[in-house]
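J.: coordinates only, sequence not included:
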């Protein structure tokens, strides 16, 4: 037994072990505003079941072969749908052969980072962005430089300053990572003018653009600007996903690039192929129901955002400001500069309220301490109302703010100290 216990003594422990299953799956908090979950009531169960039956009856025998016997880029029907969808904003530059189906956009992030980044390289990422983008770059030893944002997305003037400074020091970043359409977590949409200027800087300084459009199908404005890839295919690698617009548990994403890049990503994709049945069902469903489903999703999400906005105004007053998103499933809340939301995160969780603290979505752990991200897709409207009220109560007991909520003055709870 001793030899068995010691047999892993010299293994390369790259990461801490995950929690035991019983801890991980003990259930979600009552007021769960974290993660990128969807509304269970909006999963089109009957239509997905119909799609599964239809495509299995028609093509089910192809499941006997890896990649359905049709090549490792992915199920042709899904790639054709993605090409048709994207060409509405890519000026018709795409064919199905420009698309690689991935196991969610996370695999796309992994593949692109592995292709571009080596230890010590520099990458540029928006100062607030998807936590996974930061983590994947750091895991490969990259140096991250945050690009300042405002309420219209990347500040192009500051990006130019950063690129000039790095160039003067002989540093060429490996990529500029951006979520230009419904940015995570701020919810902004980068204007066409800024997109054009971003591409100009990319060409001027020889830095490719890594475009992530995981939330673009959930934009309120049905006519967002063209994708960066559509504007400059030779400068951009593009990834996207159906995790947020259909279902997170259906791990279906895609990568778009010229073959010089896409072929290399394909050679690195060693999983034996993204789940074929998932691909087939998603393609069957979206080909017939995409527009109707997105209208239902965005309508529901806009209503939930209204409920959240009203609740924040009622419970926090002018203490908190919302960066109103232009789509998606997240609201980015800004507290006064002296408030560090991490100081009451544990107490909020103990009260059943889970939120994402700003530093977890920042390029620096000490940046964004007065911000928090709330996902409003999962909870129903009543739960959103209750959850925001409970969040405000905990915030007040820890910080003394906000003093008023629901038109009443709050009283300090006995035994609690303001800090």
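T.: Now that the structure is in, tell me what you want to look at. Being a predicted model, the structure only gives us computed values, none of them experimental.
J.: The stretch 201-350 of the chain: helices as residue ranges?
T.: Assigned by DSSP state H, counting those that start in this stretch, the stretch 201-350 of the chain shows helices spanning 228-231, 259-268, 276-316, 345-350.
J.: Give me the average confidence score over the third one.
T.: Spelled out, that is helix 276-316. The pLDDT scores in helix 276-316 average 95.
J.: Stretch 85-103 too?
T.: The average pLDDT within stretch 85-103 is 90.
J.: do stretch 69-81 as well
T.: The pLDDT scores in stretch 69-81 average 91.
J.: Can you find the helix or strand of this protein with the lowest average pLDDT?
T.: Using mean pLDDT, DSSP states H and E, the weakest-scoring helix or strand in the chain turns out to be helix 2-6, at a mean of 44.
J.: thinking again about what came up before, as CSV, the helices of the stretch 201-350 of the chain with distance to residue 90 would be great.
T.: Glycine gets a C-beta too; all of them are placed from N, C-alpha and C. As requested, the helices of the stretch 201-350 of the chain are exported to CSV (distance: least, Cβ to Cβ, whole Å):
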stretch, distance to residue 90
helix 228-231, 3
helix 259-268, 15
helix 276-316, 16
helix 345-350, 41
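J.: Figure out which of these is closest to residue 242.
T.: Among the helices of the stretch 201-350 of the chain, the nearest to residue 242 by Cβ to Cβ is helix 276-316 (6.0 Å).
J.: what packs against that closest one?
T.: Judged by 3 or more Cβ pairs under 8 Å, 6 or more residues apart in numbering; DSSP states H and E, helix 276-316 is in contact with helix 45-59, helix 76-87, strand 321-323, strand 330-334, helix 381-399, strand 404-405.
J.: Next, the angle strand 330-334 makes with the fifth one.
T.: What separates the directions of helix 381-399 and strand 330-334 is an angle of 20 degrees, with axes from the mean of the first three to the mean of the last three Cα atoms, to 10 degrees.
J.: Is it possible to get CSV of the helices and strands packed on helix 276-316 that adds mean neighbour count and distance to residue 94?
T.: Shown next, in CSV, are the helices and strands packed on helix 276-316 (neighbours: other Cβ atoms under 10 Å; distance: least, Cβ to Cβ, whole Å):
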stretch, mean neighbour count, distance to residue 94
helix 45-59, 14, 23
helix 76-87, 20, 5
strand 321-323, 17, 32
strand 330-334, 23, 28
helix 381-399, 21, 38
strand 404-405, 18, 50
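J.: Pull the contacting residues for residue 185.
T.: Residues near residue 185 by Cβ atoms under 8 Å, 6 or more residues apart in numbering: 128-129, 330, 332, 356, 361, 371, 373.
J.: gap between residue 97 and residue 80?
T.: Noted for residue 97: a distance of 10 Å to residue 80, by Cβ to Cβ, to the nearest Å.
J.: picking that back up, output the helices and strands packed on helix 276-316 in JSON lines; the columns should cover distance to residue 344.
T.: Output for those, formatted as JSON lines (distance: least, Cβ to Cβ, whole Å):
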{"stretch": "helix 45-59", "distance to residue 344": "38"}
{"stretch": "helix 76-87", "distance to residue 344": "42"}
{"stretch": "strand 321-323", "distance to residue 344": "18"}
{"stretch": "strand 330-334", "distance to residue 344": "13"}
{"stretch": "helix 381-399", "distance to residue 344": "4"}
{"stretch": "strand 404-405", "distance to residue 344": "15"}
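J.: Go through these and name the closest to residue 137.
T.: strand 330-334 (21.0 Å).
J.: Who does the closest one pair with, and is each partner parallel or antiparallel?
T.: When pairing is defined by DSSP bridges, strand 330-334 lines up against strand 321-323 (antiparallel), strand 371-375 (antiparallel).
J.: nearest to residue 269, of these?
T.: Once the strands paired with strand 330-334 are compared by Cβ to Cβ, strand 371-375 is nearest, at 29.2 Å.
J.: rewinding a little: could I get the strands paired with strand 330-334 as TSV with mean pLDDT?
T.: Output for the strands paired with strand 330-334, formatted as TSV (pLDDT from 0 to 100):
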stretch	mean pLDDT
strand 321-323	94
strand 371-375	96
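J.: Tabulate the ones you listed in CSV, adding columns for distance to residue 286.
T.: Shown next, in CSV, are those (distance: least, Cβ to Cβ, whole Å):
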stretch, distance to residue 286
strand 321-323, 30
strand 371-375, 23
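J.: of these, which approaches residue 209 most closely?
T.: Comparison of the strands paired with strand 330-334 against residue 209 by Cβ to Cβ identifies strand 321-323 as nearest, at 23.2 Å.
J.: What lies in contact with the closest one?
T.: By Cβ under 8 Å, 6+ apart, the residues outside strand 321-323 that reach it are 151, 186-188, 308-309, 312, 331-334.
J.: What score does the closest residue to residue 268 other than its chain neighbours have for pLDDT?
T.: Leaving aside its sequence neighbours, residue 268 sits nearest to residue 111 (Cβ to Cβ, 6 or more residues apart in numbering; 5.5 Å). Listed pLDDT for residue 111 reads 96.
J.: Residue 111 sits in which helix or strand?
T.: Residue 111 belongs to helix 104-116 when elements are defined using DSSP states H and E.
J.: which one of the helices and strands packed on helix 276-316 lies closest to residue 262?
T.: Proximity to residue 262, assessed across the helices and strands packed on helix 276-316 by Cβ to Cβ, is greatest for helix 76-87 (11.5 Å).
J.: so how far is the closest one off the chain centroid?
T.: Put simply, helix 76-87 sits 21 Å off its chain's centre (Cα atoms, centre = their mean, to the nearest Å).
J.: when you compare where it runs with where helix 276-316 runs, what's the angle?
T.: Put simply, helix 76-87 runs at 40 degrees to helix 276-316, going by the same axes, to 10 degrees.
J.: sorry, back to before: which of the contacts of residue 185 lies closest to residue 41?
T.: Looking across the contacts of residue 185 and measuring by Cβ to Cβ, the closest to residue 41 is residue 330, at 18.9 Å.
J.: Look up how far residue 209 lies from that closest one.
T.: Relative to residue 209, and taking Cβ to Cβ, residue 330 is found at 23 Å.
J.: Next: residue 40.
T.: Note on residue 40: its distance to residue 209, by Cβ to Cβ, is 35 Å.
J.: same deal with residue 71?
T.: 27 Å.
J.: Of those two, give the one with the bigger neighbour count.
T.: More crowded of residue 71 and residue 209, by other Cβ atoms under 10 Å: residue 209, with 24 against 13.
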